[in-house]
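Peer 1: this is the structure alone, sequence omitted:
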């Protein structure tokens, strides 16, 4: 089997329907056999980082779990509860065997008894594909079970995924312990994002040098991106790390109208003004200069005629509603922040509102069991920075035409 | 010794702030904000008491 040159890699088998096991093996060859340390070595040399949003080096996580005894399970996190993201669902709908291959390889490496695939109810046809794919897997493999959970934003957080497997409650739990220490059945558990596992399946077959043919030294390889908002062809794309953002916008058919900003990293992400976006590349270092990170690969283009503050208010209110309702600062703080931003957007805020919202954003940070309040606060602070001209103009955003992204 | 709050268990009873005002204050909704997580030696006894009397056992002591 010759290694595919250039792009697409992950999306090579994405067509109208689901690629069957036979089609998958014709395209990529059989599942390779690696020693338990072999997989960690090739993943380490590849430089792969997790694609669920945290950017953690995958080999370090694999090694931490493999070093523990009695690992209970490998969990494929295909929850993708971020509303603006579709990349994991796309992989699971069209090329589920690629993701399952990665999970089986990891299960062998960490010596786990079972594999779970966690998906959200909204995944639709992807759920059918995964069911079909599980039935097609080879006899004698580690058993794989599908678990479909609610769509709620925090339900995809890794401790919430474990909690759901344990008790059916898709809410985060207090850490420590983290799942790699004590997860499913109170035993160490490896939980990986679906795209990360698909990348592992390719790296195991074609090697780390092949993986590094694309991307940069610091950010090797390719990544999936879900692009939406005011672009001609929104959808899921695969691009090399290091690609300039203007090239990405070209690749999705260009802007559908003049743009003012791009949200990078999803609802926990940061806005880049369009001027900054043109000088930014899809690479950690370049994004860091603007305080941004790629997160799970979500980009939303905001048109010039929209109000950034109104958009911020809408998303902040959604995030407040999506709190699991467990931690006081998250329950009360995110609602207060969202209401404050709504007043700022409507032009009905009082003198102290802006300062209060900023203070609350600082105060809720780090005070939940999971990162939900931190992410929401980061998003709001970024919105207040990038759309500060709307605050200064004193122009009620409600008078401007709104555009939902 | 350090102090931490389990935010899921915490219901904002505020006993910890009564005993440790030097280390903890309340936010606008009555939940504790830890201003200083490392407990000075002279407050060790009070910190242990605060952890004991928390009605939901949400104040955690982490020995270093």
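Peer 2: Structure received. The model shown is predicted, which means the values in this text are computed figures rather than measured ones.
Peer 1: may I have the phi/psi pair for the nearest residue to residue A:81 once chain neighbours are set aside?
Peer 2: Leaving aside its sequence neighbours, residue A:81 sits nearest to residue A:156 (CB to CB, 6 or more residues apart in numbering or on different chains; 3.8 Å). C-beta coordinates here come from the backbone N, C-alpha and C atoms, glycine included. With angles defined as degrees, to the nearest 10, residue A:156 sits at phi -90, psi -10.
Peer 1: so how far is residue A:351 from residue A:156?
Peer 2: 39 Å (CB to CB, to the nearest Å).
Peer 1: who's more crowded, the two?
Peer 2: Neighbours per residue (other CB atoms under 10 Å in any protein chain shown) separate residue A:156 from residue A:351, with residue A:156 holding more: 28 against 6.
Peer 1: which residues touch the more buried one?
Peer 2: Residues near residue A:156 by CB atoms under 8 Å, 6 or more residues apart in numbering or on different chains: A:77, A:79-82, A:118, A:120.
Peer 1: what's the burial count for residue A:136?
Peer 2: 15.
Peer 1: what's the pLDDT at the closest residue to it other than its chain neighbours?
Peer 2: Spatial nearest neighbour of residue A:136, excluding adjacent residues (CB to CB, 6+ apart): residue A:21 at 4.0 Å. On pLDDT, residue A:21 comes in at 97.
Peer 1: I'd say residue A:21 and residue A:132 touch.
Peer 2: No. Between residue A:21 and residue A:132 there is no contact, the gap being 9.1 Å when judged by CB atoms under 8 Å.
Peer 1: so is stretch A:177-184 next to chain B?
Peer 2: No. Counting by CB under 8 Å from any CB of the partner chain, chain B is not contacted by stretch A:177-184; separation bottoms out at 12.7 Å.
Peer 1: that stretch: how far from the chain's middle?
Peer 2: Centroid separation for stretch A:177-184 versus its chain: 21 Å, with CA atoms, centre = their mean, to the nearest Å.
Peer 1: likewise stretch A:357-371?
Peer 2: 21 Å.
Peer 1: now the end-to-end length of it.
Peer 2: Its first and final residues considered, stretch A:357-371 spans 18 Å by CA to CA, to the nearest Å.
Peer 1: touching that stretch from outside, list them.
Peer 2: Contacts of stretch A:357-371 (CB under 8 Å, 6+ apart): A:154, A:157, A:159-160, A:172-175, A:268, A:324, A:326-327, A:329-330, A:333-334, A:336-337, A:340-341, A:344, A:373-374, A:376-378, A:380-381, A:384, B:5-8, B:27-28, B:31, B:33.
Peer 1: cool, stretch A:123-143 as well?
Peer 2: A:18, A:20-21, A:31, A:74, A:78, A:80, A:89-90, A:92-94, A:96-97, A:100, A:104, A:107-108, A:112-115, A:117, A:119, A:144-146, A:148.
Peer 1: show me what counts as buried in that stretch.
Peer 2: Using 16 or more other CB atoms under 10 Å in any protein chain shown as the test for burial, stretch A:123-143 gives A:123, A:126-127, A:129-130, A:133-134, A:137, A:142.
Peer 1: also stretch A:270-284?
Peer 2: For stretch A:270-284, by 16+ other CB under 10 Å, it's A:270-274, A:276-277, A:280-284.
Peer 1: any part of the longest helix seen in chain A near chain B?
Peer 2: In chain A, with assignment by DSSP state H, the single longest helix is helix A:328-346. Yes. Residues of helix A:328-346 contacting chain B under CB under 8 Å from any CB: A:328-330, A:332-333, A:336.
Peer 1: can you name the next helix or strand after that helix?
Peer 2: Per DSSP states H and E, the first helix or strand lying C-terminal to helix A:328-346 is helix A:353-364.
Peer 1: I'd like the next helix or strand past that next one.
Peer 2: Counting by DSSP H and E, what follows helix A:353-364 is helix A:372-386.
Peer 1: check which residues of that following helix are buried.
Peer 2: A:372-384, A:386.
Peer 1: from those, which is closest to residue A:246?
Peer 2: residue A:386 (17.9 Å; CB to CB).
Peer 1: now do the contacts for the residue lying closest to that closest one once chain neighbours are set aside.
Peer 2: Nearest non-adjacent residue to residue A:386, counting by CB to CB, 6+ apart: residue A:271, 4.1 Å away. Neighbouring residues of residue A:271 by CB under 8 Å, 6+ apart: A:261-264, A:302, A:308, A:382-383, A:385-387.
Peer 1: so residue A:271 lies in a helix, does it not?
Peer 2: No. Judged by DSSP: H, G, I helix; E, B strand; the rest coil, residue A:271 forms no part of a helix; its state is strand.
Peer 1: that one pairs with what?
Peer 2: Judged by DSSP bridges, the bridge partners of residue A:271 are residue A:263.
Peer 1: tally of neighbours for the closest residue to residue A:207 other than its chain neighbours?
Peer 2: Closest residue to residue A:207 apart from its sequence neighbours, by CB to CB, 6+ apart: residue A:42 at 6.4 Å. Residue A:42 sits with 21 neighbouring residues when counted by other CB under 10 Å.
Peer 1: correct me if wrong: residue A:42 contacts residue A:203.
Peer 2: Yes. Contact status for residue A:42 versus residue A:203: in contact at 5.7 Å, counting by CB under 8 Å.
Peer 1: after the longest helix along chain B, which helix or strand is next? Please name it.
Peer 2: Using DSSP H to define each element, chain B has its longest helix at helix B:44-53. Elements were assigned by DSSP H and E; along the chain past helix B:44-53, the next helix or strand is strand B:59-62.
Peer 1: adjacent strands (with direction) for that following strand?
Peer 2: strand B:2-5 (antiparallel).
Peer 1: does any bit of whichever helix or strand comes after the strand it pairs with sit next to chain A?
Peer 2: Sequence order places helix B:15-19 as the next helix or strand after strand B:2-5, per DSSP H and E. No. Helix B:15-19 stays clear of chain A (CB under 8 Å from any CB), getting no nearer than 13.2 Å.
Peer 1: does stretch A:160-170 come close to chain B?
Peer 2: No. Using CB under 8 Å from any CB, no contact is recorded between stretch A:160-170 and chain B, whose separation bottoms out at 11.0 Å.
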